[in-house]
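Participant: Compute the structure for the input listed below.
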Amino acid sequence: MPLRFFKYSIVGASGVLVNLGSLYLARNYLFSRVEGDVLGFDLKLNLSLITAIFCSIVSNFLLNKKWTWADKNFRKNPREFSLLNNLFLKYIAACSVSISMQLIVTNILVMWGIQYIISNFIAIGLAAVFGYLINHKITFVER
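Facilitator: As a prediction, the model looks like this:
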């Protein structure tokens, strides 16, 4: 388990880079003209967060499947290489707690005046441990 957690952490670190890079690009370029609030939350920030989280989820799923949990019995069924299979859907469901935590913590920290990239970085760190435990126990289990 320590080696697997180390691998998960390396994949997570790459996911942080994907997440933060996507967040910056989405907020400053993709959604740069979006303005307004939804229930008191910055719409541009939240659209950018959702985009960044989606990009990092796909990246982390592929890397975790191919490397972190490569010893599991996933390669025997060729249909499982599709992104829209049960394993990916289980991964999304398992990450939903981390996703919610990241959105909520980032928004709270931004409301407290902390810069959005730093806020998101802190939120990612808090959600990472939960994400590992959920994925280890639910998603990447041998069938």
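
Participant: my guess is residue 31 meets residue 49, correct?
Facilitator: No - with contact defined as Cβ atoms under 8 Å, residue 31 and residue 49 do not form a contacting pair (10.2 Å). In this view, the C-beta of every residue, glycine as well, is placed from N, C-alpha and C.

Participant: and those two? which has more neighbours close in?
Facilitator: More crowded of residue 31 and residue 49, by other Cβ atoms under 10 Å: residue 49, with 27 against 17.

Participant: Return the distance of the more buried one relative to residue 4.
Facilitator: Distance of residue 49 to residue 4, computed by Cβ to Cβ, to the nearest Å: 28 Å.

Participant: and if you look at residue 121?
Facilitator: According to Cβ to Cβ, residue 121 stands 24 Å off from residue 4.

Participant: Residue 22 too?
Facilitator: Taken as Cβ to Cβ, the span from residue 22 to residue 4 is 26 Å.

Participant: helices or strands up against the longest helix along the chain?
Facilitator: Longest helix in the chain, counting residues (DSSP state H): helix 86-111. Judged by 3 or more Cβ pairs under 8 Å, 6 or more residues apart in numbering; DSSP states H and E, helix 86-111 is in contact with helix 43-63, helix 116-134.

Participant: Output these in CSV; the columns should cover distance to residue 14 and mean pLDDT.
Facilitator: Output for those, formatted as CSV (distance: least, Cβ to Cβ, whole Å; pLDDT from 0 to 100):
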stretch, distance to residue 14, mean pLDDT
helix 43-63, 7, 90
helix 116-134, 12, 86
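
Participant: Of all the helices and strands in this protein, which has the lowest average confidence?
Facilitator: Counting by mean pLDDT, DSSP states H and E, the chain has its least confident helix or strand at strand 37-38, which shows a mean of 64.
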